[in-house]
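Participant: my questions concern the predicted model and sequence given below.
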Amino acid sequence: MSLNQNAVGKMTNYRWTICAMLFFATTVNYLDRQVLSLTWDEFIKPEFHWDESHYGIITSVFSIVYAVCMLFAGRFVDWMGTKKGFLWAIGVWSAGACLHALCGIVTEHFVGLHSAAELMGATGDVVVTIATVSMYCFLAARCVLALGEAGNFPAAIKVTAEYFPKKDRAYATSIFNAGASIGALVAPLSIPLLAKAWGWEMAFIVIGALGFIWMGFWVFMYSKPSESKHVNKAELDYIEQDSYEEGAAPIVAEKDEKKMKFWQCFSYKQTWAFAFGKFMTDGVWWFFLFWTPSYLNTQFGIKTSEGLGMALIFTLYAITMLSIYGGKLPTIIMKKTGLNPYAARMRAMLIFAFFPLVVLLAQPLGTISPWLPVIMIGIGGAAHQSWSANIFSTVSDMFPRAAIASITGIGGMAGGVGSMLLQFIAGELFVYAGETNMTFMGFEGKPAGYFIIFCVCAVAYLLGWVVMKALVPKYKPIVLE
């Protein structure tokens, strides 16, 4: 007889309502992150006289600040608690998103001009001042955004560990993680139109305000499973079923769990395996997110405010939605082979690591049609999201609940560092390639630069998997004495 049948009454399914809230939080997270990438090339770049180097610096600084904040965000969520920690995170990042709208006003005031038209029409040394001042303004707003957004995944992974048994966590993670794809999917259909109709500033304000709406729902909807009036005995037993496994430690209240000291986290190979996997692969997804709109404009002259540009970006992220099934694969492997969760996840991640190799074809196929590289990048993005759902779940497989957010934060920091390096190198490479008309594999100028970065993106997952497997070859959960 199942755990569900042992309890009186039909099992509630409130855990999926909480998962939906995580999904919407992640959607808002990526919408806020996407506004700049969809407005800079067409609207912001001409106003502030930027080039790819300015944009590369902004995205790389965002990445490193996000990385550093991730290191402490996980610890903050563990200390503050899931409910309050999440509220603080989304409140800060929503405020940061809205702050971007002030960058033009600050720049105008600093250089003594009075409108966007005057900024665009500036010449001589004033152009350098405008580009520099505006870049620093955006850097400041971007840092506030990064500070808040760093809390999303540590909090979401911790909530998933609270509300789902191990066998369901990768699937639940893949669902809320699909919010990244949905955010990226909705963004090209809304942000360029907002920017075109009401100005790029209004795009930041409207999208940023969505986070404050989410906060209102979270206040009333979230509480821990054992304290929630929406979770009955049957569902609570289902959620805590791992405690009934032979040899498993009993579920205890989080306040009674032994705490893992922060620096103690770094003493485990499991931490370094997770961190390296994130370091190698997070930058790939962020590159696709930050640079694809610019790539389409540079390579094909297609703007994101045009119908074709919207259709291409929409198609790319529609393909990444296939990743929602990526979290199911480990469960299927466990059922068919009897492997433990970690072994099943690593096998699934190896499968997903091969799919990004199709990104190698993006540039060659781009000579035929812009749709083909978009499809290749979309497949790579879907593979990343499937990989991401499973690598996050390895943390809750091997670490006690009290340390999950901290370990997730450490891995997020490593991923942010990897992304910072890739975004900065990409920006500098594209400027260099355009100025020198460099060649690579038959391509010249900026297209050659994109081909080089695509090659890096294609092999990153296989390298990450090999090192993770070498560090933690077998399932070995951490037990605090």
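Facilitator: Cool, got the structure.
Participant: please look at residue 175 and residue 24 and confirm they touch.
Facilitator: No: applying C-beta atoms under 8 Å as the test, residue 175 and residue 24 come out as separate, 11.2 Å apart. (C-beta placed from N, C-alpha, C; glycine too.)
Participant: residues contacting the closest residue to residue 422 other than its chain neighbours?
Facilitator: Closest residue in space to residue 422, ignoring its immediate chain neighbours: residue 283 at 3.6 Å, by C-beta to C-beta, 6 or more residues apart in numbering. With contact set as C-beta atoms under 8 Å, 6 or more residues apart in numbering, residue 283 has these partners: 63, 415, 418, 419, 420, 421, 422, 423, 460.
Participant: what do you get if the cut-off is 10 Å, keeping everything else the same?
Facilitator: Applying C-beta atoms under 10 Å, 6 or more residues apart in numbering, one finds that residue 283 lies in contact with 60, 63, 290, 415-423, 425-426, 453, 456-457, 460.
Participant: so where's the stretch 201-350 of the chain uncertain?
Facilitator: Judged by pLDDT under 70, the stretch 201-350 of the chain has its weakly predicted residues at 244-259.
Participant: helices along that one, start to end?
Facilitator: Applying DSSP state H, counting those that start in this stretch to the stretch 201-350 of the chain gives helices spanning 233-239, 269-300, 307-320, 328-337, 341-354.
Participant: find the centremost residue of this protein, please.
Facilitator: Against the mean C-alpha coordinate of the chain, by C-alpha atoms, centre = their mean, the closest residue is residue 180 at 6.3 Å.
Participant: tell me how far the closest residue to it other than its chain neighbours lies from residue 181.
Facilitator: Nearest residue to residue 180 in three dimensions, chain neighbours excluded: residue 30, at 4.6 Å (C-beta to C-beta, 6+ apart). Distance of residue 30 to residue 181, given as C-beta to C-beta, to the nearest Å: 8 Å.
Participant: residue 292 too?
Facilitator: From residue 292 to residue 181 the distance is 13 Å (C-beta to C-beta).
Participant: where do the contact lists of these two overlap?
Facilitator: Residues within reach of residue 292 and of residue 181 at once, by C-beta under 10 Å, 6+ apart, are 316, 317, 378, 381.
Participant: quick check, nearest of those to residue 397?
Facilitator: When those are compared for distance to residue 397 (C-beta to C-beta), residue 381 wins out at 24.7 Å.
Participant: residues touching the closest one, list them.
Facilitator: Going by C-beta under 10 Å, 6+ apart, residue 381 touches 180-181, 184, 284-285, 288-289, 292, 316-317, 319-323, 355-356, 359, 457.
Participant: out of those, which end up buried?
Facilitator: 180-181, 184, 284-285, 288-289, 292, 316-317, 319-323, 355-356, 359, 457 (16 or more other C-beta atoms under 10 Å).
Participant: show me the strands in this structure, by range?
Facilitator: Along the chain, the stretches classed as strands by DSSP state E are 439-440, 443-444.
Participant: and the first one, how far out from the chain's middle?
Facilitator: I take that to be strand 439-440. In terms of C-alpha atoms, centre = their mean, to the nearest Å, the gap separating the centre of strand 439-440 from the centre of its chain is 31 Å.
Participant: packing partners of that strand?
Facilitator: Strand 439-440 sits against helix 446-471, with contacts defined as 3 or more C-beta pairs under 10 Å, 6 or more residues apart in numbering; DSSP states H and E.
Participant: helices or strands up against the helix it packs on?
Facilitator: Checking 3+ C-beta pairs under 10 Å, 6+ apart, helix 446-471 ends up next to helix 269-300, helix 341-354, helix 362-366, helix 371-398, helix 401-436, strand 439-440, strand 443-444.
Participant: quick one: the fourth one to helix 328-337, angle?
Facilitator: Just to be clear, that refers to helix 371-398. Between helix 371-398 and helix 328-337, the angle formed by their directions is 60 degrees, by axes from the mean of the first three to the mean of the last three C-alpha atoms, to 10 degrees.
Participant: I'd like the average pLDDT over helix 371-398.
Facilitator: For helix 371-398, mean pLDDT is 89.
Participant: picking that back up, could you export the shared contacts of residue 292 and residue 181 as CSV, including distance to residue 275?
Facilitator: CSV is the format used below for the shared contacts of residue 292 and residue 181 (distance: C-beta to C-beta, whole Å):
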residue, distance to residue 275
316, 28
317, 27
378, 27
381, 22
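Participant: what is the nearest of the residues you listed to residue 120?
Facilitator: residue 316 (30.0 Å).
Participant: and the spatially closest residue to the closest one that is not a sequence neighbour, how far is that from residue 62?
Facilitator: Among residues not flanking residue 316 along the chain, residue 378 sits closest, at 4.4 Å (C-beta to C-beta, 6+ apart). Distance of residue 378 to residue 62, given as C-beta to C-beta: 23 Å.
Participant: do residue 220 as well
Facilitator: Residue 220 is 32 Å from residue 62, by C-beta to C-beta.
Participant: the two - which one has more neighbours?
Facilitator: residue 62 (26 against 7; other C-beta atoms under 10 Å).
Participant: can you tell me how far that one is from residue 307?
Facilitator: Look at residue 62 and residue 307: by C-beta to C-beta, they are 29 Å apart.
Participant: go on, residue 131?
Facilitator: For residue 131, the distance to residue 307 - C-beta to C-beta - is 31 Å.
Participant: so between those two, which is more surrounded?
Facilitator: With neighbours defined as other C-beta under 10 Å, residue 131 and residue 307 compare such that residue 131 has more, 20 against 9.
Participant: quick one: contacts for the residue lying closest to the more buried one once chain neighbours are set aside?
Facilitator: The shortest distance from residue 131 to any non-neighbouring residue, by C-beta to C-beta, 6+ apart, is to residue 49 (4.6 Å). For residue 49, the contacting residues are 119, 120, 122, 123, 126, 127, 128, 129, 130, 131, 132, 134, by C-beta under 10 Å, 6+ apart.
Participant: can you tell me which of these are buried?
Facilitator: Neighbour counting by 16+ other C-beta under 10 Å classes 119, 122, 126, 129, 130, 131, 132, 134 among the contacts of residue 49 as buried.
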